[in-house]
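A.B. asks: okay, sequence plus prediction incoming.
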Amino acid sequence: MSQRKEINELLIEILPYVSHIEEIKELFNRVNSLEELKEIVNKRLKEEKDITKITDYKIILNKISEIMG
């Protein structure tokens, strides 16, 4: 499966569970691989103070780890 297709499928899977939908969509559109997405989300998670965004990032990381194993 292509990286873009994996990224798009992941986005579709997580959208019902995240609060900052537009921001998450923009992030997913900017990355080229799940590895890149994971790296960016991990960095943002360490810097974020907003509890809702932290939860969104944890949801993303959880789904990535399910896919990548």
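C.D. replies: That came in fine, so what should we check first? These figures come from a predicted structure and were not determined experimentally.
A.B. asks: show residues contacting stretch 13-32.
C.D. replies: Stretch 13-32 is contacted by residues 3-4, 7-8, 10-11, 37, 40-41, 52-53, 55-56, 59-60, 63 when judged by CB atoms under 8 Å, 6 or more residues apart in numbering. All C-beta spots, glycine's among them, are computed from the backbone N, C-alpha and C.
A.B. asks: residue 42 and residue 60, how far apart?
C.D. replies: Residue 42 sits 10 Å away from residue 60, going by CB to CB, to the nearest Å.
A.B. asks: any idea what sits nearest residue 56, other than its immediate chain neighbours?
C.D. replies: Spatially, and ignoring its direct neighbours in sequence, residue 56 is nearest to residue 18 (4.3 Å; CB to CB, 6 or more residues apart in numbering).
A.B. asks: now the helices for this protein?
C.D. replies: Assigned by DSSP state H, the helices in the chain fall at 3-14, 21-30, 34-47, 51-68.
A.B. asks: quick one: contacts of the last one?
C.D. replies: Which is helix 51-68. 6, 10, 13-14, 17-20, 23-24, 34, 37-38, 41-42, 44-45, 48.
A.B. asks: one more time with 7 Å
C.D. replies: 6, 10, 13-14, 17-20, 24, 34, 37-38, 41-42, 44-45, 48 (CB atoms under 7 Å, 6 or more residues apart in numbering).
A.B. asks: what's the angle between it and helix 3-14?
C.D. replies: Relative orientation of helix 51-68 and helix 3-14, computed by axes from the mean of the first three to the mean of the last three CA atoms, to 10 degrees: 130 degrees.
A.B. asks: what's the answer for the third one, then?
C.D. replies: Angle, helix 34-47 to helix 3-14, by the same axes, to 10 degrees: 50 degrees.
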